[in-house]
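Asker: got a predicted model here, sequence first, then my questions.
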Amino acid sequence: VSAESRRLRSFSSRGPTVDGRQKPDLVAPDGVNTSVDSFSRYFGTSASAPHAAGVAALMIEEQNSLTATQLTSTLTDTANTQSINGTPTEPNNQTGAGLIDAASVVADVQPDGIKNISSCQDITAPGRYEITGTINVTDDQDCINIQADDVTLNGNNNIIRYDDFGELSNFNAIEALSATNVTVQNVEIRYFNDAVEFTDVSNGAIVDVTTQTGFEYSPPPTKSLQSNGIVLRDGSENNTVQSNDLFDVGDRNDFDSSGNGIYVTDSNNNTITDNEVSIPGNVGVRLENASGNNVSANEVSAGGITRE
């Protein structure tokens, strides 16, 4: 189908098959450009087939448990029958179920239960949660409390910030308690006590969390967090802490419980890898009464890695 005119190409194969089955299943656009100069304005299945494959890849990215049958049926069920030759069509032997519709098909396969988060709250049910923008916290409270198994919290690179004119909070930004399979990812934390704390959490992950000081206040805070960057405590096991960037964390005068980029206490068999800890108050990665933890490939600018 021409991407410009939305009309079926004369050279597009028609059905039915020799045994009478309706074909094609659907159609996709051609006459399109790419970023490669020599392939500008290309036509036929050389263009339409990659379009269809790309849409299928987007479907799998949203829902990687889809079977081949589910892929096919969803593509045909969501195809646009009103975009070809200017008139609505029923499934037929010229255009099949219609023109492939990427937006509709991806929306159709998105996992159920995605919930947007725009303020502090308790998460008490399994599912996928996404932070939609900066969360400014003025109350003295932990911001997001995860109290359910099978939770993914995606920050979408947004900021959770304690907003009290540069003062630091005594509460944590994100906490998970007595849960399994909890993932916290892609979020920046500013001016809380701890950024992310797992207590009695197993088989979870903390990935791509950033702590940073900004320029919202004058003078700016002297550190990004009051105490620690990431904490695994009280029986947290088989978790992965990876690819986090923790800057200027904690009180240099409180070695007992503060100033650690990553603090693992009374927790075993976790993986701590590929993290960057810059200017911690005391220790980059601190393990206390913890065994079987795999600590590797971390970049620590000061304080080193200690095992107690």
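Answerer: The structure has been received and is ready for your questions. Numbering: from 1, shown residues only.

Asker: please make it C-alpha for all contacts and neighbour counts, starting now.
Answerer: Fine.

Asker: does S48 count as helix, strand or coil?
Answerer: Put simply, S48 is helix when judged by DSSP: H, G, I helix; E, B strand; the rest coil.

Asker: output the lowest mean pLDDT helix or strand found in this protein.
Answerer: Lowest mean confidence among the helices and strands of the chain (mean pLDDT, DSSP states H and E): helix 102-109, at a mean of 77.

Asker: just checking, what packs against that one?
Answerer: Applying 3 or more Cα pairs under 8 Å, 6 or more residues apart in numbering; DSSP states H and E, one finds that helix 102-109 contacts helix 45-62, helix 68-77.

Asker: can you list the buried residues in that helix?
Answerer: 102, 105-106, 108-109 (16 or more other Cα atoms under 10 Å).

Asker: now distance to A68 too, for those residues, in a markdown table please.
Answerer: Shown next, in a markdown table, are the buried residues of helix 102-109 (distance: Cα to Cα, whole Å):
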| residue | distance to A68 |
| --- | --- |
| A102 | 17 |
| V105 | 14 |
| V106 | 15 |
| D108 | 16 |
| V109 | 13 |
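
Asker: make JSON lines out of the helices and strands packed on helix 102-109 and add mean neighbour count and mean pLDDT.
Answerer: Shown next, in JSON lines, are the helices and strands packed on helix 102-109 (neighbours: other Cα atoms under 10 Å; pLDDT from 0 to 100):
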{"stretch": "helix 45-62", "mean neighbour count": "16", "mean pLDDT": "87"}
{"stretch": "helix 68-77", "mean neighbour count": "16", "mean pLDDT": "84"}
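
Asker: mind giving me JSON lines with these and columns for distance to D149?
Answerer: Formatted as JSON lines, the helices and strands packed on helix 102-109 follow (distance: least, Cα to Cα, whole Å):
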{"stretch": "helix 45-62", "distance to D149": "20"}
{"stretch": "helix 68-77", "distance to D149": "27"}
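
Asker: please name whichever of those helices is nearest to R190.
Answerer: The minimum distance between R190 and the helices and strands packed on helix 102-109 falls on helix 45-62, with 30.0 Å, by Cα to Cα.
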